[in-house]
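> Got a sequence here, can you build the structure:
(chains A and B)
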2 protein chains.
Amino acid sequence: MWTYQAPVADMLHVLVQVLDAPAQWATLPAHADLDADTAGQVLAEAGRFASGVLAPLNASGDREGCRWSPEGVTTPTGFREAWAAYVEGGWPALAAPVADGGQGLPEALNMPLNEMIAAANHGWTMYPGLLHGACEVVRHDAVPELRARYLPPMVSGQFLATMCLTEPQAGSDLGQVRTRAEVVGGAPAANGVPVRISGSKIFISGGDHDLTDNIVHLVLCRLPDGGAGSKGLSLALVPKFLPDGRRNAVHCDGIEHKMGIHGSATCQMRFDNAEGWLIGQPHRGLAAMFRMMNSARLHVAMQGLGHLDAATQNAWRYAAERVQMRAPSRPEGAVPGPGADPIAWHPAMRRLLLGLQARTDAARVVALHGAMLLDEAEHHPEPARRAAAAAQVAILTPVAKAFFTELGHRGADEALQAWGGYGFVAEFGIEQTVRDSRIAMIYEGTNEIQAIDLVQRKLLDDGGARAEALMAGLAEEAARCRTEPALQPFAEALDGQLAAWRQAQAALLAGREGDAEYPLRVADDMLAGVGHALFAWAWARIARTALDPARAPAPGGRSAQAWLDVARYGIDWLLPQAQVHWARVGRQAAALPHLAQAGQG
Amino acid sequence: MWTYQAPVADMLHVLVQVLDAPAQWATLPAHADLDADTAGQVLAEAGRFASGVLAPLNASGDREGCRWSPEGVTTPTGFREAWAAYVEGGWPALAAPVADGGQGLPEALNMPLNEMIAAANHGWTMYPGLLHGACEVVRHDAVPELRARYLPPMVSGQFLATMCLTEPQAGSDLGQVRTRAEVVGGAPAANGVPVRISGSKIFISGGDHDLTDNIVHLVLCRLPDGGAGSKGLSLALVPKFLPDGRRNAVHCDGIEHKMGIHGSATCQMRFDNAEGWLIGQPHRGLAAMFRMMNSARLHVAMQGLGHLDAATQNAWRYAAERVQMRAPSRPEGAVPGPGADPIAWHPAMRRLLLGLQARTDAARVVALHGAMLLDEAEHHPEPARRAAAAAQVAILTPVAKAFFTELGHRGADEALQAWGGYGFVAEFGIEQTVRDSRIAMIYEGTNEIQAIDLVQRKLLDDGGARAEALMAGLAEEAARCRTEPALQPFAEALDGQLAAWRQAQAALLAGREGDAEYPLRVADDMLAGVGHALFAWAWARIARTALDPARAPAPGGRSAQAWLDVARYGIDWLLPQAQVHWARVGRQAAALPHLAQAGQG
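Sure, this is the predicted structure:
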């Protein structure tokens, strides 16, 4: 049966041995007193919560789902208690500043927490999913009075928060938002003024639930003098219960019946002249919302990684137990079964398992590297270092969101094959991972939107300087690998990827002049190419660590040889896929016609 | 909302213009009186049934599912009436021989029927899914008395049939089957003798239901003197109701809760000293079962194609209606919307839609070509032609099963992205196509088993002669395209694929001598490579047809230019993927280690 064992040993190996996080913490005043042991204790505790409390509610939450009535949403059995335990453990506040009541720990620990809870129970994880981003918005954009009233209970987890963007006609195109805001008493619009909000929102995760006593909605809306399009949008804070205890005119009119994450209430919300306050400057709502969105996108990337890990470890356990037919070879020292061998010994399953593990390992290295860059961007004493780190995060965010969520879903879908017919049966659990993981490719900006963001706003907008700086950092790893004969294949693989990336980037910069659609035609391939380049870097780094006796994995985890074998599989069997993406980017002349009519006669 | 419009115009264009089926029918005595008009009428009528009767029950069948009680299985509302209408229309007997009460029409019409009903309602289609194969087994292997009793009501659809293979410990490895057969009265085992059957089977589609008054189970079992492994297996015919009207001791103990095809009852069956008769020679059950399995595999391939088409046409309709943002270009002559354009005009969606349509078109050409080869193998007057066609079908069967079902599921999963958040919501229907289509990659031999079958039993067992003959036929198309300047890219693409295939085949033949595991390590890639080569052939053939004024598409379907544009997209954007597969096949030295321990620490 499906279970989730938090990969704490793997996470620690990546953080401490592969990425040398403790050395970084020593350079950041905010984290100078953090060390590997403390980090290990935090992750171990988080892992116990994810595996012990959340994972057991995953299948039951899927079966039971949320229930809606006009009075509100009831979450599945155990969800409310799990939330109380999460708050009690201080987890919502893990990475929040100490000044706001948080624990002030780095994103390098918060991101693994997010991976673990998403892997253990994606439906439940939707409720706090946007809390961290909402706290950032309130911290940065709210007037002091509002901040003082709402930030502490949000940081502690006493209140939860939503992000109310989407409307039926406004999905990827938020410029079409129609929800109206009117300043109370006709005063001039300004940050913090009381407003009345009217309109309908859809796909609001946790728009209503029974986990907390209050819910803080951040609502994208339009003031009467807000022009058309996305530049006329403002942001309002609208609580479910008002400070005087009155129930606000915020209604959940129904919940969606979905493919997955049945434990998450996806709400249709109606704001019926509801009371709230502007948050941030009028008509600058989208900018404030994007602060939340970037944080949310990285958390969604961790969901993708979490699903990939959950699928990988479950497939491995099943394949090690299930016996069918004689395998043509077996692990050194293994004893063959009485009439058949574990399917994990068969070549097709080894390819499946090694492919899943290689992607999981690489994605985790890239993700935690990104988390460390976030910490550097926030806390490094030198402004230039902060800016450089932020520029790298700007590229990594859309890549991680799109690449990891696709790997999470497609990886789970591939993994299902290990179970044969049992994979299609609900009680074996993997089909839930497939269903749950699909949404992460869509929300917080579809993966196609991520690709456009990457190509147009991150790779090309500055003539390629930001990308060049990122590549220069990756190239250092190739140079290090060059000095060690056993690491040559990794150096070559990484250098090959960087060369292909540079060539693709140059083609786009040159070609877009006379053909503005060109970068858009190949944006998805560009993102996949960059994803593979980052993976080549990660496998090189994993391999170099594996060959360094001073960086041996801690006992209880995989051996150095196992890490190396998996990384080698990555460059030998998976990385060649990159060339298809790079080649497509390079073929500007390939036509992309408009279909002349419906496909069907 | 999800709908299904049977692609009759496309099917007819492929059959009549692209593949010249009427010319073939003229050479086959069994089909000499069939012409394009009659074929068109049959397909149109089948399309009306699929779109008008089955498609409206697809979503409701998913929601409602099957209900189990100790008395038996109740299918979703409307399923029983739809079956009665199917029988009334003579559809179960479409391709059955006239001598058995069938209509004697070719597989070239039966396969499109199977595509349409699977696309319209996969859950319902599971009930007749194995009927055609079961009829073949009874026709070929049953003693005359049994054949006379059971074949006519099976051909007409008065009875339905199952294929009882899988047991909990015996999935891909049927050699582990434990169900016992004992000859009544201790007589010697022989074809047709009465037997008693005891044992449990799982994953029996339609093991019980309320569509027909009787159900004929073909049960894989072991006689007391049947040795261990797959060579000791026999086959028995075990009806739910015996000829004297008694209820046989065949019990459905429960049904599975599954990821998809909720309308199909997937039964746990218990044979409790049930009465039946041997069918075929003792200990030769697997050979008889494989007769059924090959037919079943081709029908499963059509399910993959059906899902791909259903996803494609629904995505196209939605993308043409849904407006979001301004597109960077628009179709010639199109008028831009008031504030946003149809998402079908955006580059990312054009790639999605063109990619889906190109795969659908190519898969249908390959599928119908395969169906025509089946007809030739069965009915051509010259034995050498029959044998040559059968040899090609032997290769096409595992490729079509695995390649098409993967395209069907992954294509539906890609298509979902067009809907954004709505794609994840059940009422929009595409998520059901994703869920339903997943099983086709597993049943009737997992796709990994198909790849092993292809490589070991179809491509290498005869030193490559069978494959060489198939490639010679494909090469003729490249030669034809060479004579037309506009078709050069198609000729080159196809020749490139054939060269890569020959090279891969040579590498496998040479390399397996000292490394028996080598073909198994790359079997999945070999299958994908062959699938792409067949697609290159199909796109070339579509393109050549599009440029031939004598083969214009009939009015009401797509234009010749639209067919050409899509085929061109196929070779430009999709075919490069093949090189990854061919390159992996060629790299015998790439290691595929055994994972040393569980992936997680």
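
> Low-confidence stretches in chain A?
Across chain A, the ranges flagged by pLDDT under 70 are A:597-601.

> distance between the biggest helix by length in it and the chain's centre?
Longest among the helix segments of chain A by residue count, using DSSP state H, is helix A:285-321. Centroid displacement of helix A:285-321 relative to its chain, using Cα atoms, centre = their mean, to the nearest Å, is 4 Å.

> which is the next helix or strand following that helix?
Per DSSP states H and E, helix A:285-321 leads on to helix A:347-379 as the next helix or strand towards the C-terminus.

> On the C-terminal side of that next one, identify the next helix or strand.
Later in the chain than helix A:347-379, the nearest helix or strand by DSSP H and E is helix A:383-399.

> How far does the helix or strand just after that following helix sit from its chain's centre?
Beyond helix A:383-399 on the C-terminal side, the first helix or strand identified by DSSP H and E is helix A:405-416. Averaging C-alpha positions (Cα atoms, centre = their mean) puts helix A:405-416 14 Å from its chain's average.

> do stretch A:102-111 as well
Centre-to-centre, stretch A:102-111 and its host chain are 15 Å apart (Cα atoms, centre = their mean).

> So which residues make contact with it?
The contact list for stretch A:102-111, computed with Cβ atoms under 8 Å, 6 or more residues apart in numbering or on different chains, reads A:15, A:21, A:24-25, A:28, A:30-31, A:34, A:39, A:42-43, A:90, A:93-98, A:132, A:155, A:298-299, A:302, A:367-368, A:370-372, A:374-375, A:378-379. C-betas here are computed from N, CA, C, even on glycine.

> and if we set it to 7 Å?
By Cβ atoms under 7 Å, 6 or more residues apart in numbering or on different chains, the residues outside stretch A:102-111 that reach it are A:15, A:21, A:25, A:30-31, A:34, A:39, A:42-43, A:90, A:93-98, A:155, A:302, A:367-368, A:371-372, A:374-375.

> Could you list the residues of the stretch 451-600 of chain A in contact with chain B?
Contact residues (Cβ under 7 Å from any Cβ of the partner chain) of the stretch 451-600 of chain A with chain B: A:516-517, A:520-521, A:523-524, A:556-559, A:561-562, A:565, A:568, A:572-573, A:576-577, A:580, A:583-584, A:590-600.

> from these, which would you call buried?
A:520-521, A:523-524, A:557-558, A:562, A:565, A:568, A:572-573, A:576, A:580, A:583-584, A:590, A:592-595, A:598-600 (16 or more other Cβ atoms under 10 Å in any protein chain shown).

> Now intersect these with the helices, please.
Mapping those onto helices (DSSP H) picks out A:520-521, A:523-524, A:562, A:565, A:568, A:580, A:583-584.

> In CSV, list those residues along with distance to residue B:314.
Output for these, formatted as CSV (distance: Cβ to Cβ, whole Å):
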residue, distance to residue B:314
A:520, 24
A:521, 24
A:523, 24
A:524, 21
A:562, 44
A:565, 43
A:568, 42
A:580, 27
A:583, 31
A:584, 26
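
> Out of those, which is nearest to residue B:53?
Set against residue B:53, the nearest of those by Cβ to Cβ is residue A:524 (38.8 Å).

> From residue A:193, how far out is the closest one?
To residue A:193, residue A:524 is 43 Å away according to Cβ to Cβ, to the nearest Å.

> got it, and residue A:520?
Look at residue A:520 and residue A:193: by Cβ to Cβ, they are 40 Å apart.

> From residue A:22, how far off is the residue lying closest to residue A:43 once chain neighbours are set aside?
Excluding the flanking residues, the one nearest residue A:43 by Cβ to Cβ, 6 or more residues apart in numbering or on different chains is residue A:8, at 5.0 Å. Distance, residue A:8 to residue A:22, by Cβ to Cβ: 16 Å.

> ok, these two, which is more surrounded?
Of the pair residue A:8 and residue A:22, residue A:8 is the one with more neighbours under other Cβ atoms under 10 Å in any protein chain shown, namely 25 against 17.

> Helices of the stretch 101-250 of chain A, start to end?
Here the stretch 101-250 of chain A has its helices, by DSSP state H, counting those that start in this stretch, at A:107-120, A:122-129, A:131-141, A:144-156.

> What parts of the stretch 301-450 of chain A come near chain B?
Of all the residues in the stretch 301-450 of chain A, those lying near chain B are A:312-313, A:316-317, A:320, A:324-325, A:328-329, A:331, A:340, A:345, A:347-348, A:350-351, A:353-354, A:357, A:417, A:420-421, A:423-427, A:431, A:438-439, A:441-443, A:446, A:448, going by Cβ under 7 Å from any Cβ.

> Narrow the residues you listed to those that are buried.
The neighbour count (16+ other Cβ under 10 Å) marks A:312-313, A:316-317, A:320, A:324-325, A:328-329, A:331, A:340, A:345, A:347-348, A:350-351, A:353-354, A:357, A:417, A:420-421, A:423-426, A:431, A:438-439, A:441-443, A:446, A:448 as buried among these.

> My read is that residue A:381 contacts residue A:29, right?
Yes - counting by Cβ atoms under 7 Å, residue A:29 is a contact partner of residue A:381 at 6.4 Å.

> Which phi and psi values does residue A:277 adopt?
phi -140, psi 150 (degrees, to the nearest 10).

> swap in the one 4 residues further on?
In this entry, residue A:281 is assigned phi and psi values of phi -70, psi 150 (degrees, to the nearest 10).

> Can you give me the neighbour number for it?
Residues lying near residue A:281 (other Cβ under 10 Å) number 15.

> Setting the sequence-adjacent residues aside, check what's closest to it.
The shortest distance from residue A:281 to any non-neighbouring residue, by Cβ to Cβ, 6+ apart, is to residue A:191 (5.7 Å).

> Would you mind measuring from the one you found to chain B?
Using Cβ to the nearest Cβ, to the nearest Å, we find residue A:191 at a distance of 29 Å from chain B.

> Spit out the contact partners of that residue.
Contact analysis of residue A:191 by Cβ under 7 Å, 6+ apart lists A:143, A:278, A:280-281.

> Could you pick out the residues of the stretch 151-300 of chain A near chain B for me?
A:166, A:171-173, A:176, A:203, A:256-259.

> Okay, and which of those map to strands?
residue A:203 (DSSP state E).

> Which member of the residues of the stretch 151-300 of chain A next to chain B is positioned nearest residue A:265?
Distance to residue A:265, by Cβ to Cβ, is smallest for residue A:256 among those, at 8.8 Å.
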